[in-house]
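S.K.: Pasted the sequence and its predicted model underneath.
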Amino acid sequence: MNLVLNTLGASIDKETIIALLPDNCMGCNQCWLKTPGICAIKDDYENILKKLVKADNLWLVFDTRFGFLDYKGKRMMDRIMPMLNMTIGFRDGWMRHELRYHALNIGLLYKGAADQALLEDWCKRTAANIGGHSLGAIPLDATSSMVQNSKHSTLNSKPTHIVIINGSPRVQKYSNTDKIIHTFAQGMEEGGVTWELHNLSSRKEWSAAREAFLNNERILIAFPLYVECVPGLMLEFLETLPKERKQHAEISFMLHGGMDEGNEFRLCERILRGLPEQLGCSYGGTLIHGGSFRIRTAPADQVAKMVTPYIEMGRLFAQKGNFLSPEATKFTGMEQYPWLIRKMVSLLFLKKVNGEFEQFAKDWGCTRPLGDKPYSE
Ligand SMILES: Cc1cc2nc3c(=O)[nH]c(=O)nc-3n(C[C@H](O)[C@H](O)[C@H](O)COP(=O)(O)O)c2cc1C
């Protein structure tokens, strides 16, 4: 069976599509740790999940922006999380979440200008995460392809003030990005740099975030990887920014995510390289580091260990004003674990981590096993 999800609007049964349009995933983790397999947002996406557990192939039809899926398409995919379990293992040599149901193949049908190679790679990676393979990325119209690239840093002076935007959909109180930002900022403060923070998880903060974005020279966007790329909510915010601005600015990114290996972040980094140009800005590089999902669930002493290295990166940013230095590149760590480390991680570390998730779930009032299947296949 094929299930077609359409976010284009106009031409195909508008009522059905509007009814299907869900809200953004807010990263609350309830579908993994409180009510396994069931999304906390009560809308029509539950019907989509019930159909997905019976489907072999998922075709997503969407419009494009920034050379990638627009926010409506991306949020459809962000909300697919209940199809996976919180628990992690190695599959095909890569660290991945375990499947809650069966494998799902994914295909993309898109409208507008996009980076075709990037969409194909994203589709392969996303399908592999759900145990399936890519059915391809197929353009619906013959628009020009778009390859992403921005001018590298053009600001020579040392930074004095940084606008930081937290692009995580998760409320600030529980956001791992927030903990990373505050630790990083300690280092910036030591270097005499002042900063202000805007959280996209609260829509009330969007207009102040937009103002700050338009009226400052140095912007730092920190965010978690969501389904191999930028969260739908952050894309939605970026789509509200004008394409041109009066004064020049530079955007640097701080990208982190659950999985440890640097390779996990490279596809998203490709998008980030092209993004500033499309917002009238230059590119100040991307600081990448994995293994952040445990910030929320691990004991405080371990959390401190995980975030402390960001202080040094804050000092570096205060000096250089960007992440285009070898020190920032090195911060990512290993691109892919060698075979022996993978075996050790799988035997020792993941067992501990998965146990930690189960304990966290119990403490949160979860009464079902984490691998529960609430919808029948
Ligand atoms: C919907 C969703 C999708 C995610 N996708 C990925 C992913 O593709 N790769 C990854 O390494 N981590 C992924 N993560 C994990 C987050 O990047 C990680 O937990 C991060 O620390 C969350 O930061 P925050 O608390 O500021 O939102 C995902 C999390 C959610 C909720």
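M.R.: Perfect, I can see it now.

S.K.: After the worst-scoring helix or strand of the chain on mean pLDDT, which helix or strand is next?
M.R.: When each helix and strand of the chain is scored by mean pLDDT, DSSP states H and E, helix 14-20 comes last, with a mean of 51. The helix or strand immediately downstream of helix 14-20 is helix 30-33, counting by DSSP states H and E.

S.K.: Summarise which helices and strands the following helix or strand past that next one is packed against.
M.R.: Per DSSP H and E, the first helix or strand lying C-terminal to helix 30-33 is helix 45-52. With contacts defined as 3 or more C-beta pairs under 8 Å, 6 or more residues apart in numbering; DSSP states H and E, the packing partners of helix 45-52 are strand 2-6. The C-beta positions use only the backbone N, C-alpha and C, and glycine is treated the same way.

S.K.: Figure out how far stretch 75-93 is from the centre of its chain.
M.R.: 13 Å (C-alpha atoms, centre = their mean, to the nearest Å).

S.K.: Oops, could you answer that again for stretch 183-194 instead?
M.R.: Chain-centre distance of stretch 183-194: 25 Å, with C-alpha atoms, centre = their mean.

S.K.: now that stretch: mean pLDDT?
M.R.: For stretch 183-194, mean pLDDT rounds to 98.

S.K.: Can you give me the buried ones in it?
M.R.: T183, F184, A185, G187, M188, V193 (16 or more other C-beta atoms under 10 Å).

S.K.: can you map out the helices along the stretch 101-250 of the chain?
M.R.: Ranges of helices within the stretch 101-250 of the chain are 116-129, 176-190, 206-215, 232-239, based on DSSP state H, counting those that start in this stretch.

S.K.: Quick one: name whatever helix or strand follows the last one.
M.R.: Sequence-wise, the next helix or strand downstream of helix 232-239 (DSSP H and E) is strand 250-256.

S.K.: Quick one: work out the angle between that following strand and helix 176-190.
M.R.: 130 degrees (axes from the mean of the first three to the mean of the last three C-alpha atoms, to 10 degrees).

S.K.: So which elements touch the helix or strand just after strand 250-256?
M.R.: Downstream of strand 250-256, the first helix or strand assigned by DSSP H and E is helix 266-278. Packing partners of helix 266-278 (3+ C-beta pairs under 8 Å, 6+ apart): helix 116-129, strand 250-256, strand 282-289.

S.K.: Pull up the per-residue confidence for P338.
M.R.: For P338, the predicted pLDDT is 89.

S.K.: From G93, how far out is it?
M.R.: Distance of P338 to G93, given as C-beta to C-beta, to the nearest Å: 11 Å.

S.K.: One more: N47?
M.R.: Distance from N47 to G93, counting by C-beta to C-beta: 35 Å.

S.K.: circling back: can you list the helices and strands packed on helix 266-278 in JSON lines and add mean neighbour count?
M.R.: Output for the helices and strands packed on helix 266-278, formatted as JSON lines (neighbours: other C-beta atoms under 10 Å):
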{"stretch": "helix 116-129", "mean neighbour count": "19"}
{"stretch": "strand 250-256", "mean neighbour count": "25"}
{"stretch": "strand 282-289", "mean neighbour count": "23"}
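
S.K.: could I get those as CSV with mean pLDDT?
M.R.: Shown next, in CSV, are the helices and strands packed on helix 266-278 (pLDDT from 0 to 100):
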stretch, mean pLDDT
helix 116-129, 96
strand 250-256, 98
strand 282-289, 97
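
S.K.: Save these as CSV, and put in distance to H161 too.
M.R.: CSV is the format used below for the helices and strands packed on helix 266-278 (distance: least, C-beta to C-beta, whole Å):
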stretch, distance to H161
helix 116-129, 33
strand 250-256, 13
strand 282-289, 14
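
S.K.: of all those, which lies closest to F323?
M.R.: Of all the helices and strands packed on helix 266-278, strand 282-289 sits nearest to F323, with 3.4 Å by C-beta to C-beta.

S.K.: Show the subsequent helix or strand relative to the closest one.
M.R.: Using DSSP H and E, the helix or strand that follows strand 282-289 towards the C-terminus is helix 294-297.

S.K.: Which elements pack onto the helix or strand following that following helix?
M.R.: Moving toward the C-terminus from helix 294-297, the next helix or strand (DSSP H and E) is helix 300-307. Applying 3+ C-beta pairs under 8 Å, 6+ apart, one finds that helix 300-307 contacts helix 176-190, helix 294-297.

S.K.: can you pull the alpha-carbon coordinates of stretch 253-266 into CSV?
M.R.: The C-alpha trace of stretch 253-266 is given here as CSV (Å, rounded to 0.1, in the frame of the first residue of the first chain):
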residue,chain,number,x,y,z
PHE,A,253,25.3,28.0,13.7
MET,A,254,25.7,25.7,16.6
LEU,A,255,24.3,22.3,15.6
HIS,A,256,24.0,19.3,18.0
GLY,A,257,21.9,16.2,18.2
GLY,A,258,21.3,12.9,19.9
MET,A,259,23.7,10.7,17.9
ASP,A,260,27.4,10.8,18.6
GLU,A,261,29.2,10.6,15.3
GLY,A,262,30.0,13.7,13.2
ASN,A,263,28.8,12.1,10.0
GLU,A,264,25.2,12.4,11.3
PHE,A,265,25.3,16.2,10.9
ARG,A,266,27.0,16.7,7.5
